[in-house]
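Student: sequence plus the predicted model coming up.
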Amino acid sequence: MQMVMLLAPLVSLLLAPIGNLPTFAAQIAPIIYRSCTPCHREGEVAPFGLETYPQVKRFASMIKLTTSRRFMPPWKAIAGHGEFVGERTLSSAEIKTIGDWVDNGAPSGDLSQAPKPPKFAAGWQLGTPDLVVEVPTSFEVPADGPDILQNFVIPTSLTADKVVGAIELRPGNPKVVHHALVFLDSNGAARKLDEKTKEPGYQSFGGPGFFPTGSLGGWAPGGTPVWLPDGVGRYFQKGSDIVLQLHYHPTGKAESDRSKIGIYFSRKPVTRLVGGIALENWEIKIPAGEKKYRRASSYVLPKEATFLSVTPHMHLLGREMKADATLPDGKKIPLVWIKEWDFRWQDTFVFKSPIRLPKGTKLEMYSVHDNSDEISTNPFTPPREIFYGEGSNDEMSLCIFEITTEHIPDLLELIADDGRHRKVLERAIELTKKGGG
Ligand code: HEC
């Protein structure tokens, strides 16, 4: 009896490949609907829909190519090096199933048995927000040219300080919006930058061009907005302006966008606030033609902290970024590893379980930039020497972490410590500018 039960699954496994070539209805639709359709549907960021059998069949050979190279679904973090919410990856078995299906002529199978394409909630995914803010006027995105990072300054009329538990971006035109970061400014610094330009908002390419007094988090297409863990919130000081940084990728057609953000205040009592610290290297001077330009940065935590997310950031010449933590006892904890950086798919990676790191933990990061003419995103042919900066032709080596601490004063101390780094940074920028011209 025991034997038979053990053998039965084995036998069916051995027989499976013969009678069971993959079909759209049985094996492919579930993979596509889960991993592709959130972006590949009408009015979304991807250039064509993958919602029906004919659509998927039409793109079959490209689907095989882009999945086997792990170019689609776009997810740049290496599996197993950090575990994240909403990971968009296919298993090797799924990639093979897609390949076999395409090689076998992409058969439909019994479509009456196929799962239905997913339905996506129209409107706000997390319900009615407590506060909705909208970019004051539409922004015109040209048909082509480089990607644009536009910072929109949106005044708010909050009369009391608030704690925010979640945000949701509703792109006015999802075809062009590639990702969003939401900063707070209580010093009027962003307004001043905005006043200098004629268009709505102002451009930058790295940070928002000033030192934000807070952050409400980020958004990327194809994901579902998430609440911060219970008891954790983001401080929103009354009177602050929201600075919404939108990353536009031109589509070949002129487009216009006016996006909205929904803000959800914390529903449960909050004992922990979110703050940001960063590992950064500002001494960037990449010789023309250099293929593997490596920079590194490290920091020893002076207090215990719990890590919520990681946001690696480089510009067009970035190739690789890796961050790890080494505990005081020597144990290594992987944080994130991107081997094929793609400026268009920069994400904030939210850890599946927040990572608590004790005082004395060493955080380390390194980055690799490629300034050869072999990299298609190089803004210059022939390549030129590249310096640190926030412009689209400058480079950065920055890894931002969102953290909380058990006691709020510890958080302030950590951020202030990072602030001291920033002061050094400002001096470093001045120096690189003088040196680099
Ligand atoms: C997060 C959004 C997103 C998800 C998820 C996604 N795609 Fe895409 N896809 C895009 C965008 C945007 C483009 C346009 C090219 C670009 O911007 O990189 C694209 C382009 C493509 C292309 C054309 C590539 C080319 O070279 O022109 C194929 C094929 C494709 N996707 C297949 C898939 C498949 C198959 C899946 C699921 C396994 C998937 N995509 C998941 C956003 C997505």
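Tutor: Happy to help now that I have it.
Student: how about the residues of the chain that lie near the ligand?
Tutor: Residues of the chain lying close to the ligand (CB under 6 Å from any ligand atom) are 35-36, 38-40, 45-47, 59, 62-63, 66-67, 72-74, 88, 90, 221-222, 344. Bear in mind the C-beta positions are built from the backbone N, C-alpha and C, glycine included.
Student: would you mind checking those for buried ones?
Tutor: Buried subset of the residues of the chain next to the ligand (neighbour count, 16 or more other CB atoms under 10 Å): 35-36, 38-40, 45-46, 59, 63, 66-67, 72-74, 88, 90, 221-222.
Student: quick one: which of those sit in helices?
Tutor: 35, 63, 66-67 (DSSP state H).
Student: spatially, which two of those are the most separated?
Tutor: Ser35 and Thr66 (11.7 Å; CB to CB).
Student: what about Pro129, distance to Ile167?
Tutor: 8 Å (CB to CB, to the nearest Å).
Student: let me see the contact set for whichever residue of the stretch 201-350 of the chain sits closest to the ligand.
Tutor: Nearest to the ligand in the stretch 201-350 of the chain, going by CB to the nearest ligand atom, is Gly222, at a distance of 3.0 Å. Gly222 makes contact with 38-39, 44-45, 73, 88, according to CB atoms under 8 Å, 6 or more residues apart in numbering.
Student: any idea how far Gln245 is from it?
Tutor: 19 Å.
Student: does the residue most central in space within the chain count as helix, strand or coil?
Tutor: Nearest to the geometric centre of the chain sits Asp347, at 0.8 Å (CA atoms, centre = their mean). Using DSSP: H, G, I helix; E, B strand; the rest coil, the structure places Asp347 in coil.
Student: how about it: what's its closest non-neighbour residue?
Tutor: Ala220 (5.2 Å; CB to CB, 6 or more residues apart in numbering).
Student: what's the pLDDT at that neighbour?
Tutor: With respect to pLDDT, Ala220 scores 84.
Student: that one: neighbouring residues, count only.
Tutor: 22 (other CB atoms under 10 Å).
Student: roughly how far apart are it and Arg319?
Tutor: Using CB to CB, we find Ala220 at a distance of 20 Å from Arg319.
Student: and what of Lys285?
Tutor: 17 Å.
Student: settle it for me: which of the two has more neighbours?
Tutor: Taking other CB under 10 Å, Lys285 and Arg319 do not tie; Arg319 has more neighbours (19 against 14).
Student: can you give the distance of the helix or strand containing that one from its chain's centre?
Tutor: Element membership for Arg319, per DSSP states H and E: strand 318-326. Distance of strand 318-326 from the chain centroid (CA atoms, centre = their mean, to the nearest Å) equals 15 Å.
Student: any idea of the angle the helix or strand following that strand forms with strand 318-326?
Tutor: Using DSSP H and E, the helix or strand that follows strand 318-326 in sequence is strand 332-338. Orientation of strand 332-338 against strand 318-326 (axes from the mean of the first three to the mean of the last three CA atoms, to 10 degrees) gives an angle of 170 degrees.
Student: export the very next helix or strand once past strand 332-338 to CSV, keeping only CA atoms.
Tutor: Following strand 332-338 in sequence order, the next helix or strand is strand 349-357 (DSSP H and E). Taking Å, rounded to 0.1, in the frame of the first residue of the first chain, the C-alpha atoms of strand 349-357 are listed here in CSV:
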residue,chain,number,x,y,z
PHE,A,349,12.2,46.8,-3.2
VAL,A,350,10.1,46.2,0.0
PHE,A,351,11.5,43.4,2.1
LYS,A,352,9.0,40.5,2.6
SER,A,353,9.7,40.5,6.3
PRO,A,354,11.3,43.7,7.8
ILE,A,355,15.0,42.9,8.7
ARG,A,356,16.1,43.8,12.2
LEU,A,357,19.8,44.6,12.4
